[in-house]
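**Student:** coords below, sequence missing:
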């Protein structure tokens with residue numbers, strides 16, 4: 001059996017051992033340092049805590065030595081031992097086993113024969129750097145210096161010879177998200193948490209219907225997933241339980257915000273929302289040690305950035321100690337490309353670029369969100385086409401009951417984030433979370449009104465849509481195999497640490 005065949009054969013093993021290892025580390029941190037304060041039973045919060053802990057430790061290791069396969073084996077083995085230790089203590093082992101099987105199968109189905117995105121070339125180079133070099137041996141390059149923490153985590157959970165392992169981490173993150181959203185939609189409906197139920201349902205529709213192919217995953221979507229969990233927590237406590245979020249919960253949200261940021265700096269706009277939550281805390285009740293404890297975990301990432309690029313955050317020039325002119329040039333290239341100029345030669349000042357953006361980017365954005373909006377708007381016909389008086393009743397209903405002060409402020413913050421995205425970096429992949437949440441928060445009051453008028457119709461419609469989208473998701477992930485085999489001879493498309501050229505059709 002040659003290496004390529006064995007690479008494919010061992011892939012399911014990677015999925016299973018990576019899953020239980022990361023969960024094992026997460027359970028350790030959850031029971032000791034970052035104790036769970038969120039009563040939503042979200043599996044991905046444990047998974048994320050495992051990733052945060054592993055990333056923190058391994059950056060410190062990488063100061064001295066590369067994240068070699070031997071280091072990966074050591075980290076993964078420790079995680080497996082930890083998981084087995086905690087598994088013995090689990091009372092409902094049947095439920096935990098179902099979780100493992102569900103995530104394993106979905107992750108395998110989702111990622112097998114997945115394509116690669118346009119950014120994979122330099123992502124792979126970044127991962128190889130961490131596998132083969134310590135931080136001081138990595139030299140500054142315009143693409144390498146972006147230093148997404150997600151790529152560093154991928155270097156830990158991948159093996160140099162067995163390149164199929166590169167696809168595991170993201171597919172696991174996606175699969176656990178689907179598991180959480182299904183459970184959250186069901187449990188929040190049963191517990192009458194209507195805001196959380198609709199947010200979970202809309203998210204499930206969005207992930208199954210739009211973000212449903214692994215080739216679309218670079219460093220963008222993991223940040224979207226982390227940001228989504230922040231909003232799920234906020235919706236649950238602010239709009240369903242109607243209580244002020246405690247400092248311990250804000251600590252969890254803060255860590256998630258920072259994690260989203262170091263995975264992809266374009267997620268940094270969500271920090272505006274975090275500032276608002278801190279503002280809501282009563283000044284005399286703030287534990288001033290809390291911000292200090294929060295800021296500790298990204299410090300190694302900042303040190304990593306300084307060593308590689310001489311910037312706290314590349315390519316934000318104001319954070320650079322040198323390479324300032326290169327950072328300014330890189331920022332221009334990003335903004336020019338995001339505003340629609342592939343040749344990166346337009347004037348990005350003023351609003352003259354909008355025509356170029358409409359020509360080059362608007363079609364993709366329209367195609368992405370049009371179907372999602374149509375799915376959300378169809379139920380309105382069940383009500384508004386029956387009684388014209390319901391239009392007036394809807395506005396009174398929303399104004400008096402569901403557009404409370406916090407909803408308005410958070411919605412305003414999301415509108416502000418979308419505006420900033422559009423003015424500075426209006427490429428689709430930079431604004432997925434902000435666009436999605438704007439659409440979602442626009443439709444939630446409408447669906448709440450319909451639910452009050454005719455909940456049976458809405459429930460039936462939701463079940464039909466989820467069933468159709470599940471079929472669509474399965475279909476998309478089956479035909480991708482044919483798409484892949486027409487373009488490549490082997491999976492994954494890497495031979496001798498080089499990415500194979502794709503045959504275009």
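**Tutor:** Looks like it arrived, so ask away. Given the structure is predicted, the values throughout are model-derived calculations rather than measurements.
**Student:** in stretch 137-148, what's buried?
**Tutor:** For stretch 137-148, the neighbour count (16 or more other CB atoms under 10 Å) marks 138, 142, 144-148 as buried. From N, CA and C alone the C-beta is placed, and that goes for glycine too.
**Student:** let's have those in a markdown table, adding secondary structure.
**Tutor:** Shown next, in a markdown table, are the buried residues of stretch 137-148 (DSSP: H, G, I helix; E, B strand; the rest coil):
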| residue | secondary structure |
| --- | --- |
| 138 | coil |
| 142 | coil |
| 144 | helix |
| 145 | helix |
| 146 | helix |
| 147 | coil |
| 148 | coil |
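**Student:** mean confidence for the longest helix anywhere in the chain?
**Tutor:** Across the chain, the longest stretch assigned as helix under DSSP state H is helix 432-485. When pLDDT is averaged along helix 432-485, the result is 91.
**Student:** tell me the helix or strand right after that helix.
**Tutor:** Note on helix 432-485: by DSSP states H and E, the next helix or strand toward the C-terminus is strand 494-495.
**Student:** any idea which helix or strand comes after that following strand?
**Tutor:** Where DSSP H and E defines the elements, the next helix or strand beyond strand 494-495 is strand 498-499.
**Student:** distance from the chain centre to that next one, please.
**Tutor:** Distance of strand 498-499 from its chain centroid, counting by CA atoms, centre = their mean, to the nearest Å, is 26 Å.
**Student:** now do the buried residues in stretch 12-31.
**Tutor:** 12, 14-30.
**Student:** ok so, going back, counting by contacts, list what the longest helix of the chain packs against.
**Tutor:** Contacts defined by 3 or more CB pairs under 8 Å, 6 or more residues apart in numbering; DSSP states H and E place helix 432-485 against helix 194-209, helix 220-234, helix 363-377, helix 380-384, helix 389-397, helix 405-424.
**Student:** burial of residue 365, as a residue count?
**Tutor:** When neighbours are defined as other CB atoms under 10 Å, residue 365 has 17 of them.
**Student:** any idea what sits nearest it, other than its immediate chain neighbours?
**Tutor:** Once flanking residues are discounted, residue 365 sits nearest to residue 428: 5.3 Å by CB to CB, 6 or more residues apart in numbering.
**Student:** for that neighbour, report the pLDDT, please.
**Tutor:** Listed pLDDT for residue 428 reads 89.
**Student:** tell me the contacts of residue 378?
**Tutor:** residue 461 (CB atoms under 8 Å, 6 or more residues apart in numbering).
**Student:** an error on my part: the question was meant for residue 173.
**Tutor:** Going by CB under 8 Å, 6+ apart, residue 173 touches 44, 47, 222, 225.
**Student:** over to residue 440?
**Tutor:** Going by CB under 8 Å, 6+ apart, residue 440 touches 198-199, 202-203.
**Student:** hang on, the earlier thing: wait, isn't the residue nearest to residue 365 in contact with residue 364?
**Tutor:** Yes - contact criterion CB atoms under 8 Å: residue 428 and residue 364 qualify, at 5.4 Å.
**Student:** okay, these two: which has more neighbours?
**Tutor:** Taking other CB under 10 Å, residue 428 and residue 364 do not tie; residue 428 has more neighbours (16 against 12).
**Student:** report the buried residues of stretch 215-233.
**Tutor:** By 16+ other CB under 10 Å, the buried positions in stretch 215-233 come out as 215, 217-233.
**Student:** coming back round to it: closest to residue 341 among the buried residues of stretch 137-148?
**Tutor:** Closest approach between the buried residues of stretch 137-148 and residue 341, by CB to CB: residue 142, at 17.6 Å.
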